[in-house]
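Enquirer: No sequence on hand, only this structure:
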């Protein structure tokens, strides 16, 4: 069976830097918005949902966070197919404008006290637009990155996920700064909107950069029916790519929701909890490309299996530690360890996922596999974690969820190696 290992011509350093910037700025905007929403969920819940029970409002806010992931596979198929039919560049320009529209609606939407039930409806509409746009972002951007130079796929692809770390760093920075400088009333009234307004400023910059980059030569191999071809011939690739992503996306949302968990359940200070997330995000930003570079030289699958195994074995003891000895130190050390493990797993993941698809269906396959997996194992992870804690009374229970996802990813990586020859 044909794999995605199509040879791409090496490019000049300046063109490679422009390509990295073009591909990652949209992904950073997407994950900045997701991170801000997760971190500000308590304030968003009070603004847009009725009732005086803060716990119920938080669950409602997280539920909207999860619902929007349901539209991402559709966005992945539509926008991924657009990228395979008409080029990565055109798709990247379209997705960033859709993201800006959704962010704008969320930033200016009046609260429940002002417009009643239209407030939560408006939030859902805004998040659905963002989810649809984000659905096509990963496949087009990852394809665009790895097609720059076939010899450096691990390194170039790693910037896709490093940009997620940078976006988390920015969103956590906003959360820490705002919660430290504003009162709870001010945060609920207007403070939580500031990061979304900032996100709006990134959109035009991303549009300009994406308009002025060249299409990868590999992407000129167009496919007239990418969706039909994908589901007819590449089911195995979808299962392998999605399975490899499971533990990474679950861990990502656990890391994003841990500060809120520490604030609500462990009584830690708001701003200090967000600082712990900033440290973890910095690790993801700077360690991930280093790991990507190493995987180009020493192989990918072995490194990733090792990281997934350690995540599965270590997450329950770490959860137990942070819940029995709650402090800024234990939260920071726990998130630092998980961040390092995630960065090690993250580094080669985009290129591994891309290698299971041929170039002419790559964007579609990546988009659907990524978003279906994120929708199932990522979008509802905060809700599942919160519900597991409420049902069992044990704050350690989300750790068992991560253990299960780590096992699934190891199985997928073994299949990638044995059935597709990916190393």
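Expert: That came in fine, so what should we check first? Bear in mind the structure is a predicted one, so any value in this text is a computation, not a measurement.
Enquirer: What's the separation between residue 249 and residue 38?
Expert: Per Cβ to Cβ, to the nearest Å, residue 249 is found 13 Å from residue 38. To be clear about C-beta, it is placed using only N, CA and C from the backbone, and glycine gets the same treatment.
Enquirer: Likewise for residue 325?
Expert: The value you get for residue 325 to residue 38, if Cβ to Cβ is used, is 25 Å.
Enquirer: These two: which has the busier surroundings?
Expert: residue 38 (24 against 11; other Cβ atoms under 10 Å).
Enquirer: okay, now residue 407: neighbour count?
Expert: Look at residue 407: counted by other Cβ under 10 Å, it has 14 neighbours.
Enquirer: list the contacts for it?
Expert: By Cβ atoms under 8 Å, 6 or more residues apart in numbering, residue 407 lies in contact with residue 312.
Enquirer: What distance do you get for it to residue 45?
Expert: Separation of residue 407 from residue 45 (Cβ to Cβ) stands at 33 Å.
Enquirer: just residue 343 next, same as before
Expert: Taking Cβ to Cβ, one finds residue 343 at 31 Å from residue 45.
Enquirer: again, but for residue 89
Expert: From residue 89 over to residue 45 the distance is 39 Å, taken as Cβ to Cβ.
Enquirer: which secondary structure element contains residue 153?
Expert: Element membership for residue 153 (DSSP states H and E) is helix 153-181.
Enquirer: What residues sit buried inside that helix?
Expert: 153-176, 178-179 (16 or more other Cβ atoms under 10 Å).
Enquirer: so how many other residues sit close to the residue lying closest to residue 136 once chain neighbours are set aside?
Expert: Counting by Cβ to Cβ, 6 or more residues apart in numbering, residue 79 is the residue found nearest to residue 136 once chain neighbours are left out, at 2.2 Å. Residue 79 has 28 neighbours, counted by other Cβ under 10 Å.
Enquirer: so who does residue 79 touch?
Expert: 91, 94, 95, 132, 133, 135, 136, 137, 139, 140, 367 are the contacts of residue 79 under Cβ under 8 Å, 6+ apart.
Enquirer: what's the second one sitting at in phi/psi?
Expert: This points to residue 94. Residue 94 adopts backbone torsions of phi -70, psi -40, taken as degrees, to the nearest 10.
Enquirer: Helices along the stretch 101-250 of the chain, start to end?
Expert: Using DSSP state H, counting those that start in this stretch, the helices of the stretch 101-250 of the chain run over 112-115, 118-146, 153-181, 184-189, 194-211, 226-233, 235-265.
Enquirer: between the ones you listed, which one is nearest to residue 25?
Expert: helix 194-211 (4.2 Å; Cβ to Cβ).
Enquirer: Return the distance of the closest one from the chain's centre.
Expert: 18 Å (Cα atoms, centre = their mean, to the nearest Å).
Enquirer: quick one on the thing from earlier: just send the helices of the stretch 101-250 of the chain back as a markdown table, with distance to residue 352 and mean pLDDT too.
Expert: Converted to a markdown table, the helices of the stretch 101-250 of the chain look like this (distance: least, Cβ to Cβ, whole Å; pLDDT from 0 to 100):
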| stretch | distance to residue 352 | mean pLDDT |
| --- | --- | --- |
| helix 112-115 | 44 | 83 |
| helix 118-146 | 10 | 88 |
| helix 153-181 | 8 | 87 |
| helix 184-189 | 40 | 86 |
| helix 194-211 | 25 | 85 |
| helix 226-233 | 18 | 91 |
| helix 235-265 | 6 | 83 |
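Enquirer: so which of those helices comes closest to residue 338?
Expert: helix 235-265 (6.1 Å).
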